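Asks: all I have is the shape, not the residue letters:
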């Protein structure tokens, strides 16, 4: 644990235990979303589904990267991940991105994907607001994840016909904002 890191965040007026809890819950959401997106991606088949599969795969890999980037900060602040995966899953900040009843309904899958991203956007916005100007490292990490989650949401919402977003699928690069935390 980075004792001075925790001390500085506390001195900045942040309840570090609350922050760690939020980070752990969001890490759980990222890992469980990675799992559920694997299932969703496998069910994106046919003419409609194949066009979305690559985007779902990018979001899936980036959610795994978000989990990997969050873990060091949790431990730096004196936290830890639960030793029981079931407990970890159950504490997720977002509901499961479960396969819809009809696994061939691409629109229903898209709705699951976009709602998962919207939950993530809300969560990281909250953490950014909590840490802005007080905990620079957690803020920077959360903002990087937020930027990618906003792009994920925009990709899926465009497929649902909610309007253009101006965001484009990244080619050959994943986690452009979070990658600096994965080194």
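Replies: Okay, I see it. Since we're looking at a predicted model, the values are computed, not measured.

Asks: and the lengthiest helix in the chain, how far out from the chain's middle?
Replies: The helix spanning the most residues in the chain, taking DSSP state H as the definition, is helix 46-76. Centre-to-centre, helix 46-76 and its host chain are 7 Å apart (Cα atoms, centre = their mean, to the nearest Å).

Asks: so which elements touch the next helix or strand after it?
Replies: Helices and strands here follow DSSP states H and E; after helix 46-76, the next one along the chain is helix 85-90. On a contact count with 3 or more Cβ pairs under 8 Å, 6 or more residues apart in numbering; DSSP states H and E, helix 85-90 meets helix 16-42. C-beta here means a position set from N, CA and C on the backbone, and glycine is covered the same way.

Asks: buried sites along the helix it packs on?
Replies: 16, 19-20, 22-37, 40-41 (16 or more other Cβ atoms under 10 Å).

Asks: go on, stretch 148-166?
Replies: 148-159.

Asks: what's the most distant pair in those residues?
Replies: Farthest pair in the buried residues of stretch 148-166 (Cβ to Cβ) is 148 and 159. Separation: 17.5 Å.

Asks: and residue 165, what does it touch?
Replies: 154-155, 157-158 (Cβ atoms under 8 Å, 6 or more residues apart in numbering).

Asks: neighbours of the closest residue to residue 23 other than its chain neighbours, just the number please.
Replies: Among residues not flanking residue 23 along the chain, residue 74 sits closest, at 5.0 Å (Cβ to Cβ, 6 or more residues apart in numbering). When counting by other Cβ atoms under 10 Å, one arrives at 20 neighbours for residue 74.

Asks: what is the longest helix of the chain packed up against?
Replies: The contact analysis (3+ Cβ pairs under 8 Å, 6+ apart) places helix 46-76 against helix 16-42, helix 106-131, helix 136-159.

Asks: out of those, flag the one nearest residue 88.
Replies: Between those, helix 16-42 lies closest to residue 88; by Cβ to Cβ that is 5.0 Å.

Asks: and the angle for the closest one with helix 136-159?
Replies: Here the directions of helix 16-42 and helix 136-159 differ by 30 degrees (axes from the mean of the first three to the mean of the last three Cα atoms, to 10 degrees).

Asks: can you give me how far helix 16-42 is from the chain middle?
Replies: The chain centre lies 6 Å from the centre of helix 16-42; the measure is Cα atoms, centre = their mean.

Asks: before we move on, what about stretch 6-18?
Replies: 23 Å.

Asks: which residues does it contact?
Replies: With Cβ under 8 Å, 6+ apart as the test, stretch 6-18 has contacts from 19, 76-78, 130-131, 134-135, 138.

Asks: buried set for the least confident helix or strand in the chain by mean pLDDT?
Replies: Sorting the helices and strands of the chain by mean pLDDT, DSSP states H and E puts helix 3-11 at the bottom, at a mean of 93. Of all the residues in helix 3-11, those buried under the rule 16+ other Cβ under 10 Å are 5-6, 8-10.
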